[in-house]
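J.: What shape does this take:
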Amino acid sequence: MANSDFHIDFKGLPELLQQFQVAGAKAQQVTEDTMRTTLGKAQQRSKQLAPVRTGFMQNSIEVYITESTKDRVMGEINAEADYSSFNEFGTYKMPARPFVAPAVKASADWFYTTMRQKLEGLVK
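T.: Numbers count the residues shown, from 1 in each chain. Now for the predicted structure:
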């Protein structure tokens, strides 16, 4: 199973929210919503990048919010097909054909940009 944890730790988020007088619950909801959208983008992109033979591996890619607290939102993307990790990381006879990691990287960039815009919007 190819597995790539996707999590963002906001260190000092409560202090930042107090400084800008933003309601923590609203910022948490914005963060969770943005994480859900980000996970959806990562899922879609990893399905596009996944090697296809039968489509089983593509269809086995699932995403989850694994934790949501006032200063942390974590999500996970899993390719549940048994042979997913062989494709993602390769074997001694087969080169790696990553499809989860590149999707997570691209989605993380989008997450940071979007979160900055949304949090700035909350403060105005």
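J.: Any buried residues in the host helix or strand of Leu122, and which?
T.: According to DSSP states H and E, Leu122 maps onto helix 100-123. For helix 100-123, the neighbour count (16 or more other C-beta atoms under 10 Å) marks 100-101, 103-104, 106-108, 111, 114-115, 119 as buried. No exception for glycine: its C-beta is placed from N, CA and C like everyone else's.
J.: pLDDT averaged over stretch 71-84 - what is it?
T.: Averaged across stretch 71-84, pLDDT comes to 91.
J.: Report the separation between the two terminal residues of that stretch.
T.: 32 Å (C-alpha to C-alpha, to the nearest Å).
J.: list the contacts for Gly75?
T.: 6-7, 35-36, 38-39, 63-66 (C-beta atoms under 8 Å, 6 or more residues apart in numbering).
J.: will you turn the residues you listed into JSON lines that also has secondary structure, pLDDT and distance to Tyr83?
T.: JSON lines is the format used below for the contacts of Gly75 (DSSP: H, G, I helix; E, B strand; the rest coil; pLDDT from 0 to 100; distance: C-beta to C-beta, whole Å):
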{"residue": "Phe6", "secondary structure": "strand", "pLDDT": "59", "distance to Tyr83": "22"}
{"residue": "His7", "secondary structure": "strand", "pLDDT": "59", "distance to Tyr83": "25"}
{"residue": "Met35", "secondary structure": "helix", "pLDDT": "92", "distance to Tyr83": "28"}
{"residue": "Arg36", "secondary structure": "helix", "pLDDT": "94", "distance to Tyr83": "28"}
{"residue": "Thr38", "secondary structure": "helix", "pLDDT": "94", "distance to Tyr83": "26"}
{"residue": "Leu39", "secondary structure": "helix", "pLDDT": "95", "distance to Tyr83": "23"}
{"residue": "Val63", "secondary structure": "strand", "pLDDT": "95", "distance to Tyr83": "20"}
{"residue": "Tyr64", "secondary structure": "strand", "pLDDT": "92", "distance to Tyr83": "21"}
{"residue": "Ile65", "secondary structure": "strand", "pLDDT": "92", "distance to Tyr83": "26"}
{"residue": "Thr66", "secondary structure": "strand", "pLDDT": "91", "distance to Tyr83": "24"}
